[in-house]
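Student: can't give you the sequence, but here's the structure:
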């Protein structure tokens, strides 16, 4: 770091005095606020049951995708069941409990459901402990519920094979963490003047730059961002998923994060990216609400038609966005029934006009919902 050169933003003498150009972010900030208002206006016009379904869909996607960003795959049905239990939403049969899934859901719901509560070191440590209930991250034992110690060397974000690893980022040393987190938490709990949507983006960036835990920093940073988004829009639970949109733009997310963490304290580029991604998340929520309303119209239309439990379960899978081609074989596996029973279920639904064959046909015929 000679000659005034700094590898990472936290090494600069003006750290952490974030700077940004309010005139450049004003237009996208207003656009996102307007889009949020339109979404909440639509939600105000639907019944409580549909709002619950919209929240269930958004939170399920949020939990699944915040882990997908880190390369971890969660069972969507387990996540949906865990969210439904905590929201008190009836979705019929629930998947078995999963400690890891339940911990992540608890963190996300605490961040959004108790967004006005003070942010403390104990609360963050509780989130971290919920993420790693076994004390392991994969096969590696980690320090849970406490700041990292750097016992095995500096905290680095790396990629590539071991012999040719590239260091994307190195976090502040462990000896600085108490002071760094005290300063961050004081800012987080104070009225610091920034619009809350911008404070959400700054909180995400600041926390993931400090990187205070052995693992889980990205998921906690996104939960912190959601906490400030909830404070901004005043709606809990959430009806849109920023994590899902970040996952869709994962490469761009890591690229802008690395540029920002290796740059100066001027973070307008990061905030512009954050607002653009947030706007896309709200737009996706509008489309998700369309799907929830479609599902409600579908069942209203077929409410007088007798169906068995298997048929109802599989139709709901289709309505919830089943990916791939639904064949009789897949129906049998998902409904845990014989092939003959699956064909009989499908034939009955086709005769009633609920299902129709997908174009193409052939030996592995697929089926889809008929237009209502």
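Tutor: Received the coordinates, thanks. Note that the structure is a prediction, hence the values are computed from the model and not measured. Numbers count the residues shown, from 1 in each chain.

Student: from now on I want contacts and neighbour counts done on CA atoms only, so please keep to that.
Tutor: OK.

Student: secondary structure element for the closest residue to residue 200 other than its chain neighbours, which one?
Tutor: Distance criterion CA to CA, 6 or more residues apart in numbering; nearest residue to residue 200, sequence neighbours excluded, is residue 225 at 4.5 Å. Taking DSSP states H and E as the criterion, residue 225 maps to helix 217-233.

Student: just how off-centre is stretch 98-112 within its chain?
Tutor: 11 Å (CA atoms, centre = their mean, to the nearest Å).

Student: would you indicate which residues of that stretch are buried?
Tutor: If you call a residue buried by 16 or more other CA atoms under 10 Å, then stretch 98-112 has these buried ones: 100-112.

Student: let's have those residues in JSON lines, adding distance to residue 244 and secondary structure.
Tutor: Listed next are the buried residues of stretch 98-112 as JSON lines, based on distance: CA to CA, whole Å; DSSP: H, G, I helix; E, B strand; the rest coil:
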{"residue": "100", "distance to residue 244": "19", "secondary structure": "helix"}
{"residue": "101", "distance to residue 244": "17", "secondary structure": "helix"}
{"residue": "102", "distance to residue 244": "19", "secondary structure": "helix"}
{"residue": "103", "distance to residue 244": "19", "secondary structure": "helix"}
{"residue": "104", "distance to residue 244": "15", "secondary structure": "helix"}
{"residue": "105", "distance to residue 244": "15", "secondary structure": "helix"}
{"residue": "106", "distance to residue 244": "18", "secondary structure": "helix"}
{"residue": "107", "distance to residue 244": "17", "secondary structure": "helix"}
{"residue": "108", "distance to residue 244": "13", "secondary structure": "helix"}
{"residue": "109", "distance to residue 244": "16", "secondary structure": "helix"}
{"residue": "110", "distance to residue 244": "19", "secondary structure": "helix"}
{"residue": "111", "distance to residue 244": "17", "secondary structure": "helix"}
{"residue": "112", "distance to residue 244": "16", "secondary structure": "helix"}
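
Student: the residue nearest to residue 200 reaches residue 198, doesn't it?
Tutor: No: counting by CA atoms under 8 Å, residue 225 sits too far from residue 198 to count as a contact (9.5 Å).

Student: which of the two has more neighbours?
Tutor: The residue with more neighbours, out of residue 225 and residue 198, is residue 225; 26 against 22, by other CA atoms under 10 Å.

Student: what residues are up against that one?
Tutor: Residue 225 sits next to 200-201, 203-204 when contact means CA atoms under 8 Å, 6 or more residues apart in numbering.

Student: show me the protein divided up by domain.
Tutor: In terms of domains, the chain is parsed into 2-294, 306-369 (source: automatic domain parsing).

Student: which element is residue 57 on?
Tutor: Counting by DSSP H and E, residue 57 is part of helix 48-68.

Student: try residue 97
Tutor: Residue 97 belongs to no helix or strand, assigned by DSSP H and E.

Student: okay, now it: neighbour count?
Tutor: Neighbour number of residue 97 under other CA under 10 Å is 13.
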